[in-house]
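Could you look at this predicted model? Sequence included:
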Amino acid sequence: MASVSAPKPNLSVRSPSTSRIYRRQIVVLVAILMLFVVAFSGRHAMGPDFDLVMTGVLIVISSSLWFLHLQSVGMPQSWNILFSTFLAGQSVVWLCSHPVSEIAAWQRALGCAAFAYAMLWVFELHESESGLRSLATAALLLSIGILAKPPLLICCALLTVAVFFDDRRQRGGLLYSALLLLTPVFLCTIGVVVLRALAVEGLARLDWTIDPSRFDAAPLHLHSLPWQLPALPFCGAVLAIRLFSRKSGSADLAFLLLLVVLPTLGMAPWMPRPMLPLDITMTMKWGAACLLTLNPPSSTFPRLVALVSACYTMYLCRG
Amino acid sequence: MSAPSPTRIIPIGESPLVDHARAQDQQPRSHPQIGRLLVEAGLITETQLAEALRKQVEWGSKLGDTVLGLGWVKPLDFYRMLARQLSFEFVNLQQHPADDSLFDKREYASYAQDLYLPWRRVDGILWVATADPLSPALAKRLAGRNDVRFVVTSKFDIIWDLQRVAGAQFSEDAVLSLAELDPEHSARTVVTRNQKWWLIGLPLLGLIFTCLFPFPALIVLNTLINGLLLCSFVFRTCLCWMSCEENIGIAIQPEEVAALHDPDLPLYTVLVPMYKEPTVLPILVAALRRMDYPKSKLDIKLVLEEDDHETIDAAKLLGLPANFEIVRVPQSLPRTKPKACNYALRFARGEYLTIYDAEDKPEPDQLKKVVVAFRKMGDDAACIQAHLNYFNPEENWLTRMFTLEYSLWFDMFLPALDELRVPIPLGGTSNHFDLAKLRQVGAWDPFNVTEDADLGLRFAALGYHVGVVNSVTYEEANARLGNWIRQRSRWIKGYIQTWLVNMRHPVDLFHSVGWKGFFSFQLFVGGCILSGLAYPFLAFPFVVWLLAGKNTMQALFPAPVLMVSMTNLIVGNSCLIYISMLAVAKRRHAALLPYALTVPGYWALQSVAAYKGLWQLITNPFYWEKTAHGISKCTQAELIRSVAID
């Protein structure tokens, strides 16, 4: 066979490390989605014992997944262990200091937080990757977001449209861009409506709406906003670290907007399912955890700052 | 060898042959230059000679191949000049055919590939008719034989005469070689005895179970089918998600193509199997003439059925250059495209081989991209599939949906399957093969009506790599419903054949393609079949609800059955809609995006085709439902454009 002249092409089409990264990304993403689904479809009717076991499992899974994600972006293992332990610790401290009746609320809040985490991750991916991948992921995540509370879903949908606004020319215009982004969530909504309209016995179990009166915690109100304070040290520290290391991007902006828009929407009286203060706190903590993971600090000092802030947050979480 | 029978050989005079024999004995000697002879004979001009000499250096070919590839000299004239240059006798094999008794069956392949034939034996001297007396391959083959002398003939005469003598043998080989070489992978037997037991036993068991416990049976069956379908939809969505990355698959960049040196390029065989498609032939011919590949290194074969006079005449009328050959396939059963390709494969001389349909328009740099891709992929590369898409998407709803589907299939599914290194069911055209490996695996299965998909799986099972390259071939989308159903039913029938063949020994399949390959085969190929066949069962409760209301529906179906079916119908349709949207977004067919919302209707049509395919598999398994080409309104415009550009 004749040979190709210089420059000699690579012998391998794709490096094995790329495939490994893909696999890891897929595993982490799928696991997060599963966690999310599990958290929301948890059997609330099964009583407090089941809820306790389920909560323990969820804490372990969520911390492990964060550990894996941190590991995949190259954070040293010892730091990963510390960070994920503190994250788990925050949950444990909170759960220990609150009545068992509020566990269901915690589970749903974790689902919301996981959703926010995944969305912020996608916003960051959008900045670093060309192509459709981030858009498709955002759209598919939004469709799963119908399981989340409406304020969070609406907030994330608005942020997604804003973040992907620049792509509109590439996708053939704003209309087509919006169609690509929002079709899955509309299809899912239609699906839920159809299933409800069928009102088949047994479909009730697919009823994702959980009566807020089931939770003992009071819904979000203006005077409950200071309740969010425990999450602030960690969020502030992470944002500051990213700002000073010049790693801030659309994900940070989206996170800040989320912090402002989410409580506002959450307090709107017309919302079918109002947010709880816990939802906001968890979303803030997990959003900050996501930002920390997306561009992990490369030196010891910022890592230490993040860890201390996480520790302080855990201390404040004791209720 | 016996002396030639005087009744079979038209004598051209013995003494000239003896003179030529003496003359050939006196070699080596200097010959006049062929280019000069062509100019002196008035066959080409001085300017053309200068251009041909420039091209000869640029392409790294012989001058003869260059002028023939450019179509400046008629083959018969050229070979006469070649004979004169070498002081050999020129023979026209159509007037003076070779002596059949001199043919050796074991040498048929080398006759076809090295372009020579044992012509006659006179006075103990074997006269060999060849189109290239200076060929190193021929010299090597006949080395040490002092009883051999040459006469020059046209390569077309060699192919014609070889088909006359060996056509029946080639035809039989084309039909039976795989079935004899590897019967376990041939679809000649549709269902094996073991499979028959399963296919009868399982439904029977299901029936008994249903009679005894109707509700549980219905729930189990429904859950099983829906579970598989759901996995298939999720798998396809994951594939699409992977393919959302821009450069998935084998992405060859323009600079890599530019870095290729033409003299280093190998001979490339292009097979164009056709049947009664005279109208669309100019589109392909124009596209092939525009290919960015040295014309002298293209070995193009129009593979036509010998009774298809209209296409043969149309091809002759086009005045094709000498790198186009017409291979006439003798009539035999099964009358399928893979059989015709197997037959033409005997005459293929290239290092690589590709297949195009008559109305195909490959991108001009496709062959070069494939050469680069083969060299990048390494020794285990056996086949590279180019992307397929359509040049007439805007014609009607059906062509839009077809374009949408092809974008999904070739831009999303196949590159992701390649990324996962699992078996790829090849598309019908624009698959490029390493010819030696294609021959090694026994080529196409003439009994399988989706022979390409089957071949992709066979390559994977033997440990070869099938890749997908970033080059597109544009085809004509089916614009008529009847024609579409015919084509689709053949595809689904072929998929069922492929599934049945590969599932004769599931454990062996698991070992040969690995767990990833095994499950992707079940979810992708099996899922395609199942989604077509299961659609009515999914849609039925929904239709009942729409027509008769929820009370009737709840009376008819148990709640779990309803829940699973309806959820799957909604999830399945939603997945299909969205991945179709992603596919057209990637292909930048923004205008087709809203049409993705009508995918559920297209799925229903596929279901009709699936049942037709299943019925045909039972009643007429090897029947090839011919897809009519050239019926699109755009094809006429495409024809005019092709001819104008040409």
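Thanks, I have it.

so who does the residue of the stretch 51-200 of chain A found nearest chain B touch?
Nearest residue of the stretch 51-200 of chain A to chain B, counting by C-beta to the nearest C-beta: A:G172, 2.5 Å away. Where C-beta positions appear, they are placed from N, C-alpha and C, glycine not excepted. Residues in contact with A:G172 (C-beta atoms under 8 Å, 6 or more residues apart in numbering or on different chains) are B:A585, B:R588, B:A590, B:A591, B:L593.

Could you pull up phi and psi at it?
Main-chain dihedrals, A:G172, degrees, to the nearest 10: phi 90, psi 20.

Output the contacting helices and strands for the helix or strand encompassing B:Y108.
Secondary structure assignment for B:Y108, by DSSP states H and E: helix B:108-114. Packed against helix B:108-114 by the contact rule (3 or more C-beta pairs under 8 Å, 6 or more residues apart in numbering or on different chains; DSSP states H and E) you find helix B:136-141, helix B:155-181.

C-alpha coordinates for the first one, CSV please?
In other words, helix B:136-141. C-alpha atoms of helix B:136-141 as CSV (Å, rounded to 0.1, in the frame of the first residue of the first chain):
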residue,chain,number,x,y,z
PRO,B,136,4.8,-6.9,-13.4
ALA,B,137,2.0,-9.1,-12.0
LEU,B,138,1.7,-11.0,-15.3
ALA,B,139,5.5,-11.3,-15.6
LYS,B,140,5.6,-12.8,-12.1
ARG,B,141,2.8,-15.2,-12.8
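
Just give the strands next to the very next helix or strand once past that helix in its sheet, each with its orientation.
Proceeding N to C from helix B:136-141, the next assigned helix or strand is strand B:148-152, under DSSP H and E. Partner strands and pairing direction for strand B:148-152 (DSSP bridges) are strand B:89-90 (parallel), strand B:125-130 (parallel).

Quick one: distance of the longest one to the chain centre.
Just to be clear, that refers to strand B:125-130. On the basis of C-alpha atoms, centre = their mean, to the nearest Å, strand B:125-130 sits 35 Å off its chain's mean C-alpha point.

Spell out, range by range, the helices that occur in chain A.
Applying DSSP state H to chain A gives helices spanning A:16-40, A:48-72, A:77-96, A:103-128, A:133-144, A:150-163, A:174-198, A:232-244, A:250-266, A:277-294, A:300-316.

what's the angle between the third one and helix A:277-294?
The one in question is helix A:77-96. 180 degrees (axes from the mean of the first three to the mean of the last three C-alpha atoms, to 10 degrees).

closest to chain A out of the helices and strands packed on helix B:108-114?
Closest to chain A of the helices and strands packed on helix B:108-114, according to C-beta to the nearest C-beta: helix B:136-141, at 15.2 Å.

That closest one: which residues count as buried?
B:L138 (16 or more other C-beta atoms under 10 Å in any protein chain shown).

Counting by contacts, list what that helix packs against.
helix B:108-114.

Let's test this: mean pLDDT of the following helix or strand past the helix it packs on, rounded?
Per DSSP H and E, the first helix or strand lying C-terminal to helix B:108-114 is strand B:116-122. The average pLDDT for strand B:116-122 rounds to 91.

roughly how far out does strand B:116-122 sit from the chain middle?
34 Å.

Equivalent analysis for stretch B:541-550, please.
46 Å.

Could you check it against chain A for contacts?
Yes: counting by C-beta under 8 Å from any C-beta of the partner chain, chain A is contacted by stretch B:541-550 at B:W545, B:K550.

which residues sit in contact with the closest residue to chain A within chain B?
The minimum distance from chain B to chain A, using C-beta to the nearest C-beta, falls at B:A590 (2.5 Å). Residues in contact with B:A590 (C-beta under 8 Å, 6+ apart) are A:R171, A:G172, A:G173, A:Y176, B:V584.

nearest residue to residue 171 other than its sequence neighbours?
Answering for chain A, as no chain was given. Closest residue to A:R171 apart from its sequence neighbours, by C-beta to C-beta, 6 or more residues apart in numbering or on different chains: A:S177 at 4.3 Å.

nope, chain B please
For B:S171, ignoring the flanking residues on the chain, the nearest one in space by C-beta to C-beta, 6+ apart is B:P330 at 4.6 Å.
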